[in-house]
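S.K.: quick one: sequence plus predicted model below, questions after.
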Amino acid sequence: MNSISPHRPMLLAVIAIGASLPLLAFAQDSSKLTSITVEQARAVMAKKPTTMGSIDGGFASFDALTTLTPEVAEVLVKHEGALSFNGLTELSPETAAVLAKHAPSKSFGYADLRINGLKTISPKAAEALAAHQGKVLLYSLEKIDSVPLAQKLARQWGELRLGLTELSPTIAAELAKHRGTEEDKTRPGVIGRRVDGAASILRLDNITSLSPGTAEALAAHEGVLVLNDLTSLPPAVAASLAKCVGNSKTNRTGTLVLNGLETLSTESAAALAAFTGELVLKAITELTPETATALAKHKGRLHLTGLVKLTPETHAALQAHQNLLLPRPLPLAAGR
């Protein structure tokens, strides 16, 4: 006759507890998960995912995940609050469609989806993500082929920052419509506005070159346009960028930030001088008297605080500018 050991129930209990330990472990720190199943996702959500802090609020971190299935996403998007997937290296259309269901943050302007590690996205996935009603961050995205996604990003509040390395005139025209800093409603019942009146801050810091057509499209942008990775500026591109008009509603001039330019031709300087807003050229280290003369015709504030050599001739030419910022002390050098 078989006998049942008095220790068997305890053994079964230990086995049962041991089987659940991996799920409990998964629930402890969601930010360190490199893979996750549907069951593990449910366990994480039951115990609450790891919350990280940032300047624009806390978010549940799943930043170690490099892939995300639609089935797991279906579980995670039920989280009430911001979600971060900064480790994702790919995003399928199916997963993007699920993430688009995530409810927007209840706090004005706060991002509820962070996907800042994603460098590429297919047109289908981009279109699916464009249905998202909240704010999504895509800092590393190198190219956008989807007009719907560009339009979605342009509607978001706050600074629009993208890692684009190439930009078509069509997508540039959509991004230029961004007016995310026009009104700040982060304080209930209070509408704040920037001192400089900028309707938008558009940062495209990884663009190394622009076609005249793309520059022309960006010129419709009203606010602060940052192109800090431009290393060359042909006269035709400079002429297009010079058409930036600032905020049309408040008649405030815009700001053009080109802190990647280390040199500037006389022809390009003459074209840039037509820009009426604030011009920031902090990487320019030296100017010829001819280029300085052309640039001195600019009417807005001009930043040339990166100059390391300033000949008397160049210095004299720049004195014609009415709102000039130079390095202190002045790097005066002997004439040429």
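M.R.: Yep, it's here. Residues are numbered from 1 along each chain as shown.
S.K.: report the residue spans of this protein with pLDDT below the cut-off.
M.R.: Flagging of the chain using pLDDT under 70 yields the residue ranges 1-28, 53-57, 108-109, 185-188, 190, 334-336.
S.K.: what segments of it are helices?
M.R.: With DSSP state H as the criterion, the chain has helices at 8-26, 38-47, 70-76, 93-99, 123-129, 147-154, 169-175, 212-218, 235-241, 266-272, 289-295, 312-318.
S.K.: now the third one: buried residues?
M.R.: Within helix 70-76, the residues that qualify as buried by neighbour count (16 or more other Cβ atoms under 10 Å) are 72-73, 75-76. (Each C-beta comes from the backbone N, C-alpha and C, glycine too.)
S.K.: how about the second one?
M.R.: The neighbour-count check on helix 38-47 (16+ other Cβ under 10 Å) flags 40-45 as buried.
S.K.: helices or strands up against that helix?
M.R.: Under the contact definition 3 or more Cβ pairs under 8 Å, 6 or more residues apart in numbering; DSSP states H and E, helix 38-47 sits against helix 8-26, helix 70-76.
S.K.: quick one on the thing from earlier: widest-spaced pair of the buried residues of helix 70-76?
M.R.: Ala73 and Val75 (7.3 Å; Cβ to Cβ).
S.K.: isn't Thr311 up against Thr291?
M.R.: No. The criterion here is Cβ atoms under 8 Å, and Thr311 misses it with Thr291 at 11.8 Å.
S.K.: more neighbours: which of the two?
M.R.: Thr291 (22 against 19; other Cβ atoms under 10 Å).
S.K.: now do the contacts for the more buried one.
M.R.: 264-266, 269 (Cβ atoms under 8 Å, 6 or more residues apart in numbering).
S.K.: measure it to Asn323 for me?
M.R.: 18 Å (Cβ to Cβ, to the nearest Å).
S.K.: rewinding a little: ok, of the contacts of Thr291, which one's closest to Arg155?
M.R.: Leu264 (34.9 Å).
S.K.: show me what contacts the closest one?
M.R.: Leu264 neighbours (Cβ under 8 Å, 6+ apart): 233, 272, 281, 284, 287, 291, 295.
S.K.: hmm, 7 Å instead?
M.R.: By Cβ atoms under 7 Å, 6 or more residues apart in numbering, the residues touching Leu264 are 233, 284, 291.
S.K.: in a markdown table, list the residues you listed along with distance to Leu33.
M.R.: Listed next are the contacts of Leu264 as a markdown table, based on distance: Cβ to Cβ, whole Å:
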| residue | distance to Leu33 |
| --- | --- |
| Leu233 | 45 |
| Ile284 | 47 |
| Thr291 | 55 |
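S.K.: just give me the closest of these to Gly223.
M.R.: Relative to Gly223, and with distances defined as Cβ to Cβ, the nearest of the contacts of Leu264 is Leu233, at 20.1 Å.
S.K.: contacting residues for the closest one?
M.R.: With Cβ under 7 Å, 6+ apart, Leu233 has these contacts: 258, 261, 264, 268.
S.K.: reformat these as TSV; add distance to Gln133.
M.R.: TSV is the format used below for the contacts of Leu233 (distance: Cβ to Cβ, whole Å):
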residue	distance to Gln133
Leu258	35
Leu261	39
Leu264	43
Ser268	42
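S.K.: go through these and say which is closest to Ala219.
M.R.: Checking these one by one against Ala219 (Cβ to Cβ), the nearest turns out to be Leu258, at 13.6 Å.
S.K.: how close does the closest one sit to Leu302?
M.R.: 12 Å.
S.K.: and for Ile121?
M.R.: Taking Cβ to Cβ, one finds Ile121 at 38 Å from Leu302.
S.K.: who has more neighbours, the two?
M.R.: Neighbour comparison, Ile121 and Leu302: the larger count goes to Ile121, with 25 against 22 (by other Cβ under 10 Å).
S.K.: how many neighbouring residues does Asp196 have?
M.R.: Asp196, neighbours per other Cβ under 10 Å, totals 18.
S.K.: show me what contacts it?
M.R.: Asp196 neighbours (Cβ under 7 Å, 6+ apart): Arg252.
S.K.: for Asp205, see how far away it is.
M.R.: Counting by Cβ to Cβ, the gap from Asp196 to Asp205 is 19 Å.
S.K.: next: Lys309.
M.R.: 27 Å.
S.K.: who's more crowded, the two?
M.R.: Asp205 (17 against 12).
S.K.: surely the more buried one and Leu225 touch.
M.R.: No. With contact defined as Cβ atoms under 7 Å, Asp205 does not count as touching Leu225 (11.1 Å).
S.K.: picking that back up, okay, the helices of the chain in a markdown table with distance to Asn116 next?
M.R.: Shown next, in a markdown table, are those (distance: least, Cβ to Cβ, whole Å):
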| stretch | distance to Asn116 |
| --- | --- |
| helix 8-26 | 23 |
| helix 38-47 | 21 |
| helix 70-76 | 17 |
| helix 93-99 | 14 |
| helix 123-129 | 14 |
| helix 147-154 | 13 |
| helix 169-175 | 17 |
| helix 212-218 | 23 |
| helix 235-241 | 27 |
| helix 266-272 | 32 |
| helix 289-295 | 36 |
| helix 312-318 | 40 |
